[in-house]
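Q: need the 3D shape of this:
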Amino acid sequence: MQLAVIESAGNPFALTKFVDGKYFAIRELPTLTAALKIPLAELRGIIDKSDGPEVTGRELPPLAPESEVWGAGVTYLRSRDARKEESGTPDVYQKVYEADRPELFFKANFRRTVGNGDVIGKRADCTSTVPEPEVAIVINAFEEIVGFTICNDVTSRSIEGANPLYLPQAKSYLGSTALGPRITPSWLAPSHEKITVEAQIKRGSDVVWSASTALSSLNKSLEHLVGYLFRCQTFPDGVILSTGTGIIPPLDFIMQEGDIVTIEVGGVGTLENEVIEIPLDINRRFQKALR
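A: Residues are numbered from 1 along each chain as shown. Predicted coordinates:
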């Protein structure tokens, strides 16, 4: 059983139980927003007892409309090494890897997040864009981990590598966040030590890159990351935290338009997206389309 957010008749953001390929309404919790406002024990009790009717609709990213997506960086040894390789200021990444305080950054909101099967973007002003396959945790307002999903933290590597202060531009732009396909509740997910991450990029019929890692390689506990995220912060509608990547393509790899990125997380599911290029004048094109 998993939790899915769908656009159904009469509810644009319906929270449902996904069982054997079908969606079932949760009467007591019509939206993910409602689910993230109550303690985990209460949520589990409601979901376990729920026997709502089957519903149909279009599946959306598993994110409450009011919630935010945040990211954690340099949480794996491979991520530290990759950042040092590409950066002109490598000591910054060594220091944050060793520090108690993690790197945390705002990534996206609902409007800027795509789901499984949607397109992700590479910036037209970036010479190297890479996927960052990550386990994402869904956290309620009480700092409790409600469940697990998958995030592709698409990153403009050459922009971040030029200067760490360019991080927001490298991380947050149109098509830079994919989330999905659904949420595996924390009480049904494998133990953290057993969650694996596999990723590949296909170009036509060829696999041009593949790699794997495990959540056990994370250098900080999930509870540690959550604790820092909630310092001096409130998330009354919950938050999703993408926990960092342990697999990154080599420096000479360049993701191209038309590539298919697939991320599989054991016990959670598979997230797949096609790459398109985001033109520099996308906003002018958007405004012209509105007229």
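Q: poorly predicted segments of the chain, please.
A: Segments of the chain classed as low confidence (criterion: pLDDT under 70) are 77-90.
Q: for this protein, which segments count as helices?
A: Along the chain, counting by DSSP state H, helices occupy 32-35, 40-49, 77-86, 91-98, 157-162, 167-171, 222-229, 282-290.
Q: closest one to Pro181 among those?
A: helix 32-35 (14.2 Å; C-beta to C-beta). C-beta here means a position set from N, CA and C on the backbone, and glycine is covered the same way.
Q: ok, residues contacting the closest one?
A: 3, 5, 13, 15, 26, 29, 43, 62-67, 140, 146, 237-238 (C-beta atoms under 8 Å, 6 or more residues apart in numbering).
Q: of the residues you listed, keep whichever come out buried.
A: The neighbour count (16 or more other C-beta atoms under 10 Å) marks 3, 5, 13, 15, 26, 29, 43, 62-64, 66-67, 140, 146, 237-238 as buried among the contacts of helix 32-35.
Q: so who does Leu63 touch?
A: Here Leu63 is in contact with 5, 32, 69, 110, 113, 179, 240 (criterion: C-beta under 8 Å, 6+ apart).
Q: rerun that using 10 Å as the cut-off
A: Taking C-beta atoms under 10 Å, 6 or more residues apart in numbering, we find Leu63 in contact with 5, 13, 32-33, 69, 108-110, 113, 115, 136, 138, 149, 177, 179-180, 183, 238-240.
Q: before we move on, back to that, go through the helices of the chain and name the closest to Ile248.
A: Across the helices of the chain, closest to Ile248 is helix 77-86 (C-beta to C-beta), at 4.4 Å.
Q: which ones are touching Leu15?
A: Counted by C-beta under 10 Å, 6+ apart, Leu15 has contacts 3-6, 23, 25-26, 28-36, 47, 50, 62, 64, 183.
Q: redo that, cut-off 7 Å
A: When contacts are counted by C-beta atoms under 7 Å, 6 or more residues apart in numbering, Leu15 touches 3, 5, 26, 29-32, 35.
Q: in TSV, list those residues along with distance to Asp281.
A: TSV is the format used below for the contacts of Leu15 (distance: C-beta to C-beta, whole Å):
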residue	distance to Asp281
Leu3	39
Val5	32
Ile26	43
Leu29	42
Pro30	40
Thr31	36
Leu32	35
Ala35	40
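Q: just the ones of the residues you listed in strands?
A: 3, 5 (DSSP state E).
Q: skipping adjacent residues, who's closest to Asn240 in space?
A: To be clear, residue 240 is Ile; Asn isn't right here. In space, and not counting its chain neighbours, Ile240 is closest to Val69: 4.8 Å by C-beta to C-beta, 6 or more residues apart in numbering.
Q: next one: the one you found from Phe286, what distance?
A: 22 Å (C-beta to C-beta, to the nearest Å).
Q: more neighbours, these two?
A: The neighbour comparison of Val69 against Phe286 (other C-beta atoms under 10 Å) goes to Val69, with 23 against 10.
Q: and Ser191, which of the helices of the chain is closest to it?
A: Within the helices of the chain, the stretch nearest Ser191 is helix 222-229; the backing value is 11.4 Å (C-beta to C-beta).
Q: centre of the chain to stretch 55-62, how far?
A: Distance, stretch centre to chain centre, for stretch 55-62: 17 Å (C-alpha atoms, centre = their mean, to the nearest Å).
Q: which residues sit against it?
A: 3-8, 13-14, 16, 23-25, 113-115, 149, 179-183.
Q: again, only this time at 6 Å
A: With contact meaning C-beta atoms under 6 Å, 6 or more residues apart in numbering, stretch 55-62 is reached by 4-8, 23, 25, 113, 115, 149, 179-180, 182-183.
Q: Serialize those residues to CSV and add fields for distance to Gly266.
A: Below are the contacts of stretch 55-62 laid out as CSV (distance: C-beta to C-beta, whole Å):
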residue, distance to Gly266
Ala4, 19
Val5, 22
Ile6, 24
Glu7, 28
Ser8, 29
Tyr23, 23
Ala25, 28
Thr113, 23
Gly115, 20
Thr149, 13
Leu179, 18
Gly180, 16
Arg182, 14
Ile183, 15
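Q: now go through the residues you listed and say which are in strands.
A: Per DSSP E, the subset of those in strands is 4-8, 23, 25, 149, 179-180, 182-183.
Q: could you flag which of those are buried?
A: 4-6, 8, 23, 25, 149, 179-180, 182-183.
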